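1. Here is a sequence with its predicted model. Questions after.
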Amino acid sequence: MASYPRAEISPPSGSLFPHKHLLGIWGMDPTSIKHLLDVAEKYVDQNRQAKKTTSTCAGLTQINLFFENSTRTLMSFEIAGKRLGMDTISMSTGTSSIKKGETLLDTAATLNAMHPDVLVMRHADSGAVKLLSEKMDCAVINAGDGRSEHPTQALLDALTIRRRKGQIHGQTIVISGDIAHSRVARSNIYLLNAMGARVRLIAPPTLLPVDVDRLGVEVYHRMDEGLEGADVVMMLRLQQERMNGAFLPSLREYYRFWGLTKEKLSVAKDDVLVMHPGPMNRGVEIASDVADDLDRSAIEEQVEMGVAARMACLDVLTRGLRGDE
Amino acid sequence: MATLYKNARLIDPSNETDVKGDLLVENGLIAEIGENITTPEGAEIVDCKGRILSPGIIDMRSHSVDSAAAAAGGITTVILQPNQTTLIDSDAVVERIRRRSEDGNSVRVYPMGAATQGMSGEQVAEIGQMQESGAVAFTDCNKAVSNPLVMRRLLEYSGYFGALIVQYAQDASLAADGFAHEGELATRLGLAGIPAAAEVIQIERDARLSELTGSPVHFALVSSREGVEAVRRAKAQGIKITCATAPHYLMLNDNALEGYRTFAKVLPPLRSEEDRLALIAGLADGTIDVMVSDHNPKSADVKRLPLGQAAAGIVGAETLLALTLSVVHSGKVELMTALKALISTPAQLLKLPYGTLKKGAPADLMIFDAEKPWRILSEEFKSVAKNTPFDTVPVQGQVWRTIVGGKTLFNQEA
């Protein structure tokens, strides 16, 4: 693939975020994670002002390339880019239309020739974003790949927890639901472990991948045991399309045993924080009265933090390009 | 036309002999073997300088006729898998492949025929006619015959012809859409896994069916500790089952997929370290009968894809000997055991006249230096495809010459 001369995008030496891309949380050190969260914190305040847009990244081009349908993540990235003053272009295409990887790499070549400064990508295959990043000169952000990682979701979750609980270290955080197919769960496990939280997983055995306990988590099947004394509960969306795959007998049964209700939540700490990456299946993985409990639910705040966290990622990854630090 | 190979270490795994001496080839056959053979007039003399001269490798599992690559790897007979562009499930296709390989300028090629028609797993294929045309065994290649009744009929029917059924040891339902070993790495990277149980369940079921029918079953590629143990147990009970593995399962574990490396994507998948060690032990004690290359050249176009979409398979022909010898050099497997698995056992299983240094046998030979160090460099492969996870890996043991029917097809010094 042709490589065109361009400004150096690598991070400045001594940067608190010494990565060219954001492909996943795995392997990222706590300093880098904390740096992104600290920068995001600044953007939370900016986003609450009347004038939200700055010229921080003015003149830079951000392409959002989504091979999987998404509304909230795509919009969140688009808003994040615009608020930093970037020119953002979004392209959403189903996996059916661009199925072959040759096309993926061809797409990479095409996009690369257009000199974007940041590429945000979502893809149905684990590792697809990494493959594409090897062909791109610009910074690449993983907006979710297969069942591998969704790093910005983990960052926004961490930001939410840090703001509500003061710190992540030492918190008992439960992730509950379809762990096996969840990229959100993986990124959160890696991030929360790196930041010193105690991570518990709760799921029926069919929705837990093998050897998951070797990722440094405690595994529970029963909600009452896993939720005991929890500081935070992250519910995952049950992907209803998987219900036919012999994973679960019915939604009704799933809700009975693994749906988060007030009753089940009663064994957690009084000030337990309830989270959900959305979109929610009310009455399947979470009861409406829990989701809408303003004292405990941080679900809307997560969406708000999403924009800030993504602004932080875009900002930090383009600093080398902008000559800033 | 005579050639005298002098000063060789003659190893014949078919009768476990290992002696110093000479070997005379006349008219494509082994004419004389022993010490101080008189040189016939006009014979070419090749000084082997103490290198090992053995029968050539019979590679029981290749997905492609890649003659130059095979010859460079010491392979003199390639057993082609039936999943070709034109599926090998009729005598006509078998005959065409056999005819093409008899031009004397390539390694020998024998196909395995499909075990079921169209490899559909539903109807027994025309085993008798394909066998008459030169098919040496029958398999549905990368698909196990999953219906136990069809498998039973297949074994009963093949038994009549004395034909060998080769089964892919993987329960298709359990494997589902998986492509990585179901373990910590697959969980961490978010890859669809295949449990080792998919292998052992297939082996145990087919061992029962072999016992029921009295017909032998050969498992094409065993990859797991439990698979090896199941074969070992069945053999101890006197059940006629045999199995093979490939060197990559002895050399690598599933960590090779780290970073979504598609060159390490093979089926069955590379498994855990425990599995890898059990396979080496299985080869050492004879539970694993055969070493195969599973040679499967793939272009960059189908490998440079996201791991889930990328084609499985590696080019194995040129590295089969050296990688197999690695477990010999590490002291875990005897040289004779390794050579039997590469050469004489496949010949016996497939009832081929090769794989021996007996007088009168076809002069299908390889001469190699078992100690010679070299580095695997994919760019130097004779195979057009370069898909190997072993690029730049140092190995020991190199083929010097490969001779098929008395004719030298590969000469390291040429």
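-> Cool, the structure landed.

2. buried residues in stretch A:236-254?
-> The neighbour-count check on stretch A:236-254 (16 or more other CB atoms under 10 Å in any protein chain shown) flags A:L236, A:R237, A:L238, A:Q239, A:F247, A:L248, A:L251, A:Y254 as buried. Quick note: C-beta positions are derived from backbone N, CA and C, even for glycine.

3. quick one: the second one from B:V395, how far?
-> If I follow you right, that is A:R237. Distance, A:R237 to B:V395, by CB to CB, to the nearest Å: 49 Å.

4. Would you mind extracting the C-alpha trace of the helix-or-strand element of chain A with minimal mean pLDDT into PDB?
-> Of all helical and strand segments in chain A, the minimum by mean pLDDT, DSSP states H and E falls on helix A:101-113, at a mean of 82. Extracted in PDB, the C-alpha atoms of helix A:101-113 (Å, rounded to 0.1, in the frame of the first residue of the first chain):
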ATOM      1  CA  GLY A 101     -11.600  -8.700   4.200                       C
ATOM      2  CA  GLU A 102     -10.100  -7.800   0.800                       C
ATOM      3  CA  THR A 103     -12.600  -5.100   0.700                       C
ATOM      4  CA  LEU A 104     -11.800  -4.200   4.200                       C
ATOM      5  CA  LEU A 105      -8.100  -3.700   3.300                       C
ATOM      6  CA  ASP A 106      -9.100  -2.000   0.100                       C
ATOM      7  CA  THR A 107     -11.300   0.300   2.100                       C
ATOM      8  CA  ALA A 108      -8.300   1.000   4.300                       C
ATOM      9  CA  ALA A 109      -6.200   1.900   1.300                       C
ATOM     10  CA  THR A 110      -8.900   4.100  -0.100                       C
ATOM     11  CA  LEU A 111      -9.500   5.900   3.200                       C
ATOM     12  CA  ASN A 112      -5.800   6.200   3.900                       C
ATOM     13  CA  ALA A 113      -5.300   8.000   0.600                       C
END
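
5. what does that helix contact?
-> Contact with helix A:101-113 is made by A:1-2, A:4, A:63, A:65, A:98, A:119, A:123, A:128, A:131-132, A:135-138, B:301, B:304-306, B:309-310, as judged by CB atoms under 8 Å, 6 or more residues apart in numbering or on different chains.

6. Next SSE downstream of it?
-> strand A:118-123 (DSSP states H and E).

7. partner strands of that following strand, parallel or antiparallel?
-> When pairs are called by DSSP bridges, strand A:118-123 turns out to pair with strand A:61-66 (parallel), strand A:139-145 (parallel).

8. Save those strands as TSV, and put in mean neighbour count too.
-> Converted to TSV, the strands paired with strand A:118-123 look like this (neighbours: other CB atoms under 10 Å in any protein chain shown):
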stretch	mean neighbour count
strand A:61-66	22
strand A:139-145	27
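
9. Make JSON lines from those and add mean pLDDT to it.
-> JSON lines is the format used below for those (pLDDT from 0 to 100):
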{"stretch": "strand A:61-66", "mean pLDDT": "96"}
{"stretch": "strand A:139-145", "mean pLDDT": "97"}
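
10. May I see those strands arranged in a markdown table, with distance to B:D18 as well?
-> A markdown table is the format used below for the strands paired with strand A:118-123 (distance: least, CB to CB, whole Å):
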| stretch | distance to B:D18 |
| --- | --- |
| strand A:61-66 | 62 |
| strand A:139-145 | 54 |
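
11. Would you mind giving me the confidence score for B:A414?
-> The score at B:A414 is 76. That number is its pLDDT.

12. wait, A:L207
-> As predicted, A:L207 sits at a pLDDT of 95.

13. hang on, isn't it packed against A:A180?
-> Yes: between A:L207 and A:A180 there is a contact under CB atoms under 8 Å: 4.9 Å.

14. Find residues that contact each of those two.
-> Common contacts of A:L207 and A:A180 (CB under 8 Å, 6+ apart): A:F247.

15. Mind giving me the packing neighbours of the one helix or strand B:M130 maps to?
-> B:M130 belongs to helix B:127-133 when assigned by DSSP H and E. Counting contacts by 3 or more CB pairs under 8 Å, 6 or more residues apart in numbering or on different chains; DSSP states H and E, helix B:127-133 is packed against helix B:91-100, strand B:108-114, helix B:148-161.

16. Pick the most buried one from the ones you listed.
-> Neighbour counts (mean count of other CB atoms under 10 Å in any protein chain shown) averaged over each of the helices and strands packed on helix B:127-133 peak at strand B:108-114, with a mean of 24.

17. ok, and what's touching it?
-> Contacts to strand B:108-114, defined as CB under 8 Å, 6+ apart, come from residues B:65, B:67, B:76-82, B:87-89, B:93-94, B:97-98, B:100-102, B:125-127, B:130-131, B:134-141, B:166, B:350, B:352, B:354, B:364, B:404-405.
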